[in-house]
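here is my input; please provide its structure:
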Amino acid sequence: MKKLLGILVLGFLLSGNAYAKKNEIVIPKYFFANELTKETCSLEGVHGLGSWGKEYWELDLAITHVSKKKNPELQGNNYDHLMELTEYDWNKDHELRSNSVFVRHEKHSNRLALLHGAIVTAIVDNKMDEHGPLITEVMVAWAKAGVMLNTLTLKEIKKLKDQGKADRTCYGGGKAKGKSKCITHKALEAQIYGATYIQQAYLMKDQFTKEQFKIVDKYIDTLYKKHIEPWVLISQSEPIGFIQMADGTISVLSYLAWKDKPEEVTKWIKKGIKKANKVIYKDGYINNNSFRGVRDVWYHSQAVNNLLGMYAIAELWGYKNFPKELKQRIDKTVDVLNLGLTDVKTYRKRKDPSKKKNFTKNQVQATYHVHQMAISLDWLIENYTDRDHTIVANDRMWKSLKSAYFVDRNFGFDPKCMN
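Numbers count the residues shown, from 1 in each chain. Here you go, the predicted model:
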């Protein structure tokens, strides 16, 4: 009997080792980094759109911040600004201020960036004992208030479309009408918010009390089931474009990190790879993103940013089987971006095979520059491809506009902090 038991135990241990070798995924301590120091991740904040201070003025990211002597006009603090999100209604905000071209999301995305900045600052400054309780208060308050949970779901949006109460697609049903509402943006933003919140919760996991953890965990489960998983499953099943959170791949990875489920990571990275395979053409142009009227180069750069972000995260987490042929096509998307930034007329000789019209022709709304929230795209190109990163790095309009951001909202963090 003892001999049989020994054989069983040995078999279990061997199978465990085999599994460990098979599943090489290791979730980094800080999701996007194995260590956070001033040297590896020194965030410099500024007051951006929706902040409580003057836009572009220096912002101390510590949650205890009130004002600085050199900014005497600033009256307010980060804690109060974050807490105000408990009263926020994205559904109403979207109805009042957004359309197909412009999605005015800064009231929540600004605060998500600030929350991230406050957490990273507390970590790198070794002040979590002081700042942690304030940060967890904010996160629990958002959870109790159910921020974003009243946002229309994809199922509810579909019902409104079926009833003829909303356009089937953006731009007035794909008729190049930029002023038309795009109701789907409501669900997209809820997905991005949910993923970003989960990332910040993962960074703070050891700081929550048992009671706080229960509240946050329940909120995260609801965000995932209501807004993240449905969006990602539908988005990754359609051969249309490649957008924020690596088309949702990073959103799911955020949840798996929180739930400590590395064994499920590979499946979802493969889903992201499958989606990328669908949308990148052989010549490096990208379905939908590359053909968006006078904002085509801008949208193309967003896709390049998200594709390289997915590749970088997969590598950081230990995924070893990224397809070489797909990576070669991703590299070609950088070539196309560089062409768009230097010779847009030649870039546009490539016609959209899908012939979609989800774009604007209004020159006033043209954006011939890199997406301003892709704040480290030059770094991603330099570190994860063999292509020329200097064309992006020297994009003057991009450099000017991105100075208002210290977090890439496509991912929830600054890629330069990855290690």
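
and the average pLDDT for stretch 28-41 is what?
Averaging the model's pLDDT scores along stretch 28-41 yields 97.

which residues of the chain fall in strands?
When secondary structure is read from DSSP state E, the chain shows strands at 45-46, 58-59.

so for residue 419, which of those sits nearest?
Put simply, out of the strands of the chain the one that sits nearest residue 419 is strand 45-46, at 20.6 Å, with distance taken as C-beta to C-beta. (C-beta placed from N, C-alpha, C; glycine too.)

what's the pLDDT at residue 22?
54.

swap in residue 96?
Model confidence at residue 96 (pLDDT) stands at 96.

tell me, how many residues neighbour it?
When counting by other C-beta atoms under 10 Å, one arrives at 9 neighbours for residue 96.

what count of nearby residues applies to the residue lying closest to residue 104 once chain neighbours are set aside?
The shortest distance from residue 104 to any non-neighbouring residue, by C-beta to C-beta, 6 or more residues apart in numbering, is to residue 97 (4.1 Å). The tally of other residues near residue 97 (other C-beta under 10 Å) stands at 13.

for residue 247, find the nearest of the strands of the chain.
Closest of the strands of the chain to residue 247 is strand 45-46, at 27.9 Å (criterion: C-beta to C-beta).

neighbours around the nearest residue to residue 386 once chain neighbours are set aside, how many?
Here the nearest residue to residue 386 in space, its sequence neighbours aside, is residue 331; by C-beta to C-beta, 6+ apart that works out to 7.1 Å. The number of residues packed near residue 331 is 19, by other C-beta under 10 Å.

my guess is residue 331 meets residue 381, correct?
No. Judged on C-beta atoms under 8 Å, residue 331 makes no contact with residue 381 at a distance of 9.1 Å.

now for those two: what residues contact both?
By C-beta atoms under 8 Å, 6 or more residues apart in numbering, residue 331 and residue 381 have these common neighbours: residue 387.

low-confidence stretches in the stretch 1-150 of the chain?
1-23, 66-72 (pLDDT under 70).

cutoff 90 now
Applying pLDDT under 90 to the stretch 1-150 of the chain picks out residues 1-23, 42, 48-50, 52-58, 64-76.

helices of that one, residue ranges please.
Secondary structure of the stretch 1-150 of the chain (DSSP state H, counting those that start in this stretch): helices located at 2-22, 78-83, 90-97, 106-124, 128-145.

could you do the stretch 201-350 of the chain as well?
So, for the stretch 201-350 of the chain - with DSSP H, counting those that start in this stretch - the helices run 210-223, 229-235, 244-247, 249-259, 265-279, 296-316, 324-342, 344-347.

and the longest one, C-alpha only, in CSV?
By that I understand helix 296-316. Once side chains and other backbone atoms are set aside, the C-alpha atoms of helix 296-316 remain, and they are given as CSV (Å, rounded to 0.1, in the frame of the first residue of the first chain):
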residue,chain,number,x,y,z
ASP,A,296,-6.4,57.2,-41.4
VAL,A,297,-2.8,57.6,-40.4
TRP,A,298,-3.9,58.3,-36.8
TYR,A,299,-6.1,55.2,-36.6
HIS,A,300,-3.4,53.1,-38.3
SER,A,301,-0.9,54.2,-35.6
GLN,A,302,-3.3,53.2,-32.9
ALA,A,303,-3.5,49.7,-34.4
VAL,A,304,0.3,49.5,-34.7
ASN,A,305,0.6,50.5,-31.0
ASN,A,306,-1.9,47.9,-29.9
LEU,A,307,-0.3,45.1,-32.0
LEU,A,308,3.2,45.8,-30.7
GLY,A,309,1.7,46.1,-27.2
MET,A,310,0.2,42.6,-27.4
TYR,A,311,3.5,41.2,-28.7
ALA,A,312,5.4,42.9,-25.9
ILE,A,313,3.1,41.7,-23.1
ALA,A,314,3.1,38.2,-24.6
GLU,A,315,6.9,38.2,-24.5
LEU,A,316,7.0,39.6,-21.0
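
what about residue 170, neighbour count?
Residue 170 has 21 nearby residues by other C-beta under 10 Å.

quick one: it and residue 374, what's the gap?
As judged by C-beta to C-beta, to the nearest Å, residue 170 and residue 374 stand 21 Å apart.

tell me who's in contact with residue 208.
For residue 208, the contact set (C-beta under 8 Å, 6+ apart) comprises 136, 139, 140, 216.

repeat that with 7 Å
Contact criterion C-beta atoms under 7 Å, 6 or more residues apart in numbering gives 136, 216 as the residues in contact with residue 208.

what sits up against stretch 124-141?
Around stretch 124-141, the neighbours that count as contacts under C-beta under 7 Å, 6+ apart are 36-38, 41, 62-64, 79, 82-83, 86, 115, 118-119, 122, 200-201, 204, 207-208, 212, 215-216.
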